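Asks: heads up, no residue letters with this:
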């Protein structure tokens, strides 16, 4: 099978393979590669794919992928690259009369323009006779010197023909600084887009965010073709009466800005633990960032122990308080481990078979163990990627529904309940600077 080389962006290294796997499923492109050969400190990965067209299709939605090129040669020296290229002379002939251009880069080092020209000229033995075009060339060749993240000697030279590019430009397009509406819980653009890929968001699917906040996931998943819906217990974030940029029509301002009004179906205000959704499978994906109390505390409907429902029963201007339009029901704190357990139970009941749950799980870094990730008998763990912040991390958890959940079936995790999971009481731990409570 033909060899290709994926060129990753050197960001969020723990997320790159899960996104690649998701893209393979999204685009129905079979890929094979040696997982042990993947290195987070290298942007390159050799993969086997049936054709150049399939390779281009694979990466076209990639957020953490810069490009993919048809493998021609690699080596520790240019002499090794030239010798390997000599073995594929029949491939040179295909592009003898084609317009072309060379791209020369280095990873871990800056190359002067004179060096780049010297490298390009060293490939003149290929004998290409077509016009050189910096834009719109029929064939584009890529040379990269890989030195590594730390200064050091040349490790490898890569050479091949570019066949496709990812969608890195969307990171700039969805930059939160450019959005009309922005709140203190808004997820950054790059990870919002990665989550849309992890959720397999595409045309014909319905994606739901039960902690919608300022609606980042509604917009990115809708841009990828899905129909989206969201809810939150706090309607102020949805309406735009809270956050950094207020009175802008809230979520719908961003929906209009990115031209996805036809796919963002609606938002609603309710407590997801008292969900009004009808029973049964509804959603193809649930994508969310549950509130864990760092920027916004998690709440659910309820009264503190011993509290009386006196104010709710009072009449104001002849109308019972709880029936007034401006009535705000009482809420209580919602502990992080309870939030996640309820989220998994909700996903097991409301996802279609094969549907995905993609959510963030905060953990205390020094106490985390793989067994801390909550489990459910109806959900399979697909990916677990860490974004570290020093003493704490957040993990992007991707799960897939593998069967219908029984009515009395509950969360089965953490798998080993010999200690409290590293996300339990996370808010208290965070504000105590992770001292033991």
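Replies: Right, received. Where do you want to start? All of these numbers come straight from a predicted model, not from anything done at the bench.

Asks: as a whole number, average confidence for the host helix or strand of residue 343?
Replies: In this structure, residue 343 sits in helix 336-350 according to DSSP states H and E. Helix 336-350 shows a mean pLDDT of 94.

Asks: buried set for that helix?
Replies: For helix 336-350, the neighbour count (16 or more other Cβ atoms under 10 Å) marks 336-337, 339-350 as buried. C-beta coordinates here come from the backbone N, C-alpha and C atoms, glycine included.

Asks: same question for stretch 120-138.
Replies: Judged by neighbour count using 16+ other Cβ under 10 Å, the buried positions of stretch 120-138 are 120, 123, 126, 128, 137.

Asks: distance between the ends of that stretch?
Replies: End-to-end span of stretch 120-138 (Cα to Cα, to the nearest Å): 17 Å.

Asks: strands along the stretch 151-300 of the chain, start to end?
Replies: 156-165, 206-209, 227-232, 264-269, 283-288, 299-301 (DSSP state E, counting those that start in this stretch).

Asks: among those strands, which is nearest residue 106?
Replies: strand 156-165 (9.7 Å; Cβ to Cβ).

Asks: one step back: take the buried residues of stretch 120-138 and keep only those in helices.
Replies: Counted as lying in helices by DSSP state H, out of the buried residues of stretch 120-138, are residue 120.

Asks: now the helix holding residue 343 and strand 283-288, what's the angle there?
Replies: For helix 336-350 against strand 283-288, the angle by axes from the mean of the first three to the mean of the last three Cα atoms, to 10 degrees is 170 degrees.

Asks: low pLDDT regions in this protein?
Replies: For the chain, the stretches with pLDDT under 70 are 242-247, 293-296, 305-313, 407-419, 436-437.

Asks: quick one: contacts for the residue of the chain most remote from its centre?
Replies: Most distant from the centre of the chain: residue 318, at 50.6 Å, with distances by Cα atoms, centre = their mean. For residue 318, the contact set (Cβ atoms under 8 Å, 6 or more residues apart in numbering) is empty.

Asks: now swap in residue 404 and tell me
Replies: Residues in contact with residue 404 (Cβ under 8 Å, 6+ apart) are 281, 353, 378.

Asks: what secondary structure does the second one sit in?
Replies: With DSSP: H, G, I helix; E, B strand; the rest coil as the basis, the three-state label of residue 353 is strand.

Asks: quick revisit: export the strands of the stretch 151-300 of the chain to CSV and tack on mean neighbour count?
Replies: Listed next are the strands of the stretch 151-300 of the chain as CSV, based on neighbours: other Cβ atoms under 10 Å:
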stretch, mean neighbour count
strand 156-165, 21
strand 206-209, 26
strand 227-232, 24
strand 264-269, 16
strand 283-288, 26
strand 299-301, 16
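
Asks: which stretch among these comes nearest residue 398?
Replies: It's strand 283-288; of these, that one is closest to residue 398 (Cβ to Cβ) at 9.8 Å.

Asks: what angle do that closest one and strand 227-232 make?
Replies: Using the same axes, to 10 degrees: strand 283-288 against strand 227-232 is 50 degrees.

Asks: buried residues in stretch 30-48, which are they?
Replies: Buried residues in stretch 30-48, counted by 16+ other Cβ under 10 Å: 31, 33, 38, 42, 43, 44, 45, 47.

Asks: ok, and what's touching it?
Replies: Contacts with stretch 30-48, where a contact means Cβ under 8 Å, 6+ apart, come from 1-10, 13-14, 16-17, 20, 24, 49-50, 58, 66, 71, 107, 144, 146, 148-149, 156, 158.

Asks: swap in 7 Å and give it another go.
Replies: With Cβ atoms under 7 Å, 6 or more residues apart in numbering as the test, stretch 30-48 has contacts from 1, 3-8, 10, 13-14, 17, 24, 49-50, 58, 71, 107, 146, 148-149, 158.

Asks: just the buried members of those?
Replies: 4-8, 10, 13-14, 17, 24, 49, 58, 71, 107, 146, 148, 158.

Asks: hey, where'd the helices end up in the stretch 201-350 of the chain?
Replies: Taking DSSP state H, counting those that start in this stretch as the test, the helices found in the stretch 201-350 of the chain are 216-223, 235-239, 251-257, 310-313, 336-350.

Asks: now distance to residue 373 too, for those helices, in JSON lines please.
Replies: Below are the helices of the stretch 201-350 of the chain laid out as JSON lines (distance: least, Cβ to Cβ, whole Å):
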{"stretch": "helix 216-223", "distance to residue 373": "20"}
{"stretch": "helix 235-239", "distance to residue 373": "27"}
{"stretch": "helix 251-257", "distance to residue 373": "30"}
{"stretch": "helix 310-313", "distance to residue 373": "39"}
{"stretch": "helix 336-350", "distance to residue 373": "9"}
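
Asks: and those: which comes nearest residue 289?
Replies: In terms of Cβ to Cβ, the element of the helices of the stretch 201-350 of the chain nearest to residue 289 is helix 216-223, at 7.7 Å.

Asks: next, the angle from the closest one to strand 264-269.
Replies: 160 degrees.

Asks: report how many residues lie close to the nearest residue to residue 395 once chain neighbours are set aside.
Replies: Leaving aside its chain neighbours, residue 395 sits nearest to residue 361 (4.7 Å; criterion: Cβ to Cβ, 6 or more residues apart in numbering). Using other Cβ atoms under 10 Å, residue 361 has 27 other residues around it.

Asks: now do the buried residues in the strand or helix carrying residue 361.
Replies: Assigned by DSSP H and E, residue 361 belongs to strand 351-364. Within strand 351-364, the residues scored as buried using 16+ other Cβ under 10 Å are 351, 352, 355, 356, 357, 358, 359, 360, 361, 362, 363, 364.

Asks: of all the residues you listed, which comes closest to residue 260?
Replies: Among those, and counting by Cβ to Cβ, the member closest to residue 260 is residue 358, at 18.6 Å.

Asks: with residue 151 as the reference, measure out to the closest one.
Replies: Residue 358 sits 37 Å away from residue 151 when distances are taken as Cβ to Cβ, to the nearest Å.

Asks: repeat for residue 360
Replies: In terms of Cβ to Cβ, residue 360 sits 35 Å off from residue 151.

Asks: what of residue 72?
Replies: Separation of residue 72 from residue 151 (Cβ to Cβ): 28 Å.

Asks: so these two - more neighbours on which side?
Replies: residue 72 (22 against 8).

Asks: by contact count, what packs against the helix or strand containing that one?
Replies: Assessed by DSSP H and E, residue 72 sits inside strand 65-75. Counting contacts by 3 or more Cβ pairs under 7 Å, 6 or more residues apart in numbering; DSSP states H and E, strand 65-75 is packed against strand 3-8, helix 52-59, helix 78-86, strand 156-165.
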